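In: Show me the folded form of this:
(2 chains)
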Amino acid sequence: MRSHIREFDSSTLNESVQNTIMRDLKAVGKKFMHVLYPRKSNTLLRDWDLWGPLILCVTLALMLQRSSVDSEKDGGPQFAEVFVIVWFGAVTITLNSKLLGGNISFFQSLCVLGYCILPLTVAMLVCRLVLLAEQGPINFMVRLFVVIVMFTWSIVASTAFLADSQPPNRKALAIYPVFLFYFVISWMILTFTPQ
Amino acid sequence: MATTAAPAGGARSGAGPEWGGFEENIQGGGSAVIDMENMDDTSGSSFEDMGELHQRLREEEVDADAAAAEEEDGEFLGMKGFKGQLSRQVADQMWQAGKRQASRAFSLYANIDILRPYFDVEPAQVRSRLLESMIPIKMVNFPQKIAGELYGPLMLVFTLVAILLHGMKTSDTIIREGTLMGTAIGTCFGYWLGVSSFIYFLAYLCNAQITMLQMLALLGYGLFGHCIVLFITYNIHLHALFYLFWLLVGGLSTLRMVAVLVSRTVGPTQRLLLCGTLAALHMLFLLYLHFAYHKVVEGILDTLEGPNIPPMQRVPRDIPAALPAARLPATVLNATAKAVMAG
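Out: From the prediction side, this is the model:
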């Protein structure tokens, strides 16, 4: 068994970097598909990884930065604030669901919450495109509609994955902070205006 | 736990896995920690599995090597072989002791089971407690019961943060939301934890029968009134309406908290001190939350010049301690609409 494990170890160590990256990217892409079409499946929970959430969080934080034309100080804190809010929000929700008696692992929950930010990242992209047009109430209504739809999608996706791990009578207690978390992120997206 | 008495040399090779198994049993019966290990998981990840596998194999290798080395040493029946064995045993014991201590320290600090009893609630209980927090009870002769849970208060604080942020959106102020977020979170949590601690300290001075957990829960549920008032008045910018709600809803939740505290305190002076402080802080906080953000709005819009609205500038948020009652506009219009109509 030792030699078999040694072979496995060296086989992933000696492969080319491109192979490793492509394998990880494919795993991340597969999970993105699971989030976009949420069914009750175990893929996100079984093979959790934090690459996807990291990519999504960094993308979102980069897009939420103002174009720092006026002052240099604008860019830095924005990125850090979004980053901190996403990760500490996810940690808080995870701790809450564990304390309520859920049987989900710490990193599995982080993984699911991070991946379910994908619809909101898409909303951010759409909002940035819409903001290229002229500003006005119609502009705002379009963005509001898009953000609301994606917010609902995020909640539905995360509920599909997380709800089963909670005791049946406490699902609402565990889902409510998820709702608040995605609400805050949607608020950040909706109120974003480029300078 | 494993003793420090060294087993006989001949039994050395078999003692390693046995001791390891013994320790695992002790740890496995403990409480749930933030499980970075693969103990409770029904579905661990490949990363965790590989890590554990490697660890186990390395230990087996070490044991196998040790056993092989001992067999060689055993041939030289003499002091040298015996000393080598002894030093290996001592080193092994020290390593085991260190590992035990580290895992004990980890399970102590990462043990969230301490908080588990405070989150043992049902949705129906939370709902009924939310409604009860608005109903003052007149019975002040017997100490009223306070539910010692933290889920409701924590969620209410987070909801208050979300409502504050939503209020910024409806006030149409798009300042650097990062700073506002930090301010909102800091304000709400600071109020909840700070005022609870302060009132608990006063309660200690006044000999009131209340624990810190109960105070946290009481004040947390008292924020339900704040959430309602702010949610309504951030959407309907009527100052008269706000004053009405401030008195009614804020007053009700304050009365409830005051009644509970009075029922647990003896002596008129103590009751007055404790309840007066709590009432003042609670009502003033609601006032502050409503007007602090409106004040920021007015401060910013005052710097606008005509139809060419420059990008939003940051306004120093020096809110004076005394509320400037004279400056409160009594109009119905949003400050934005006022500026647009004036310009």
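In: Which positions in the helix or strand containing residue B:254 come out as buried?
Out: Assigned by DSSP states H and E, residue B:254 falls within helix B:251-263. Across helix B:251-263, burial judged by 16 or more other C-beta atoms under 10 Å in any protein chain shown covers B:251, B:253-263. (Glycine included, C-beta is placed from N, CA and C.)
In: what's in contact with that helix?
Out: Applying C-beta atoms under 8 Å, 6 or more residues apart in numbering or on different chains, the external contacts of helix B:251-263 come out as B:132-144, B:146, B:203, B:208, B:210, B:218-219, B:222, B:224-226, B:271, B:274-275, B:278-279, B:282-283.
In: Okay, residue B:84 and chain A: tell me how far apart.
Out: Remark: distance between residue B:84 and chain A (C-beta to the nearest C-beta, to the nearest Å) = 25 Å.
In: mind listing the strands for chain A?
Out: Read by DSSP state E, chain A holds no strands at all.
In: Look at the residue lying closest to residue B:153 once chain neighbours are set aside and give its secondary structure.
Out: Excluding the flanking residues, the one nearest residue B:153 by C-beta to C-beta, 6 or more residues apart in numbering or on different chains is residue B:220, at 2.0 Å. Three-state assignment for residue B:220 (DSSP: H, G, I helix; E, B strand; the rest coil): helix.
In: Pretty sure residue B:220 sits against residue B:191.
Out: No: judged on C-beta atoms under 8 Å, residue B:220 makes no contact with residue B:191 at a distance of 10.3 Å.
In: what's near enough to touch the residue of the stretch 1-150 of chain B found nearest chain A?
Out: In the stretch 1-150 of chain B, the residue that lies nearest chain A is residue B:119 (4.0 Å; C-beta to the nearest C-beta). Applying C-beta under 8 Å, 6+ apart to residue B:119 gives the contacts A:96, A:99-100, B:149-151.
In: Going by distance to residue A:181, which of those residues wins?
Out: Nearest to residue A:181 among the contacts of residue B:119, counting by C-beta to C-beta, is residue A:96 at 10.3 Å.
In: That closest one: how many residues sit nearby?
Out: Residue A:96 is flanked by 23 other residues according to other C-beta atoms under 10 Å in any protein chain shown.
In: Same question for residue A:176.
Out: 18.
In: Just give the nearest non-adjacent residue to it, would you?
Out: Nearest non-adjacent residue to residue A:176, counting by C-beta to C-beta, 6+ apart: residue B:155, 6.2 Å away.
In: how about low-confidence regions in chain A?
Out: A:1-11, A:40, A:44, A:66-77, A:195 (pLDDT under 70).
In: for it, what spans make up the helices?
Out: Along chain A, counting by DSSP state H, helices occupy A:2-13, A:17-36, A:43-46, A:51-63, A:75-99, A:106-115, A:118-131, A:137-162, A:171-190.
In: now the angle from the longest one to helix A:17-36?
Out: Taking axes from the mean of the first three to the mean of the last three C-alpha atoms, to 10 degrees, one finds that helix A:137-162 is oriented at 100 degrees with respect to helix A:17-36.
In: Which other helices and strands does the top helix by length along chain B contact?
Out: Counting residues, the longest helix in chain B under DSSP H turns out to be helix B:268-301. When contacts are defined as 3 or more C-beta pairs under 8 Å, 6 or more residues apart in numbering or on different chains; DSSP states H and E, helix B:268-301 sits against helix B:151-170, helix B:177-205, helix B:212-233, helix B:251-263, helix B:335-342.
In: Quick one: name whatever helix or strand follows the third one.
Out: Scanning forward in sequence from helix B:212-233, with DSSP H and E defining helices and strands, the next element found is helix B:239-245.
In: Which elements pack onto that following helix?
Out: Using 3+ C-beta pairs under 8 Å, 6+ apart, helix B:239-245 sits against helix B:212-233.
In: Packing partners of the helix it packs on?
Out: Applying 3+ C-beta pairs under 8 Å, 6+ apart, we find helix B:212-233 packed against helix B:123-132, helix B:151-170, helix B:177-205, helix B:239-245, helix B:251-263, helix B:268-301.
In: if we go to 6 Å?
Out: Packing partners of helix B:212-233 (3 or more C-beta pairs under 6 Å, 6 or more residues apart in numbering or on different chains; DSSP states H and E): helix B:151-170, helix B:177-205, helix B:251-263.
In: Just the angle for the second one relative to helix B:268-301, thanks.
Out: Orientation note: helix B:177-205 sits at an angle of 170 degrees relative to helix B:268-301 (the same axes, to 10 degrees).
In: Let me see the backbone angles for residue A:192.
Out: When read as degrees, to the nearest 10, the backbone of residue A:192 gives phi -80, psi 130.
In: give me every residue that touches it.
Out: Residues near residue A:192 by C-beta atoms under 6 Å, 6 or more residues apart in numbering or on different chains: residue A:64.
In: Count the neighbours of residue 165 for me.
Out: Just going to use chain A. Neighbour count for residue A:165, taken as other C-beta under 10 Å: 20.
In: Correction: the question concerned chain B.
Out: 20.
In: what's the answer for residue A:108, then?
Out: 22.
In: Tally up the residues packed near residue 126, please.
Out: Looking at chain A here, since you left the chain open. Neighbours of residue A:126 (other C-beta under 10 Å): 17.
In: ah, no, chain B please
Out: The number of residues packed around residue B:126, counting by other C-beta under 10 Å, is 21.
In: What residues does the nearest residue to it once chain neighbours are set aside make contact with?
Out: Nearest non-adjacent residue to residue B:126, counting by C-beta to C-beta, 6+ apart: residue B:152, 5.1 Å away. Residues near residue B:152 by C-beta under 6 Å, 6+ apart: B:126, B:129, B:221.
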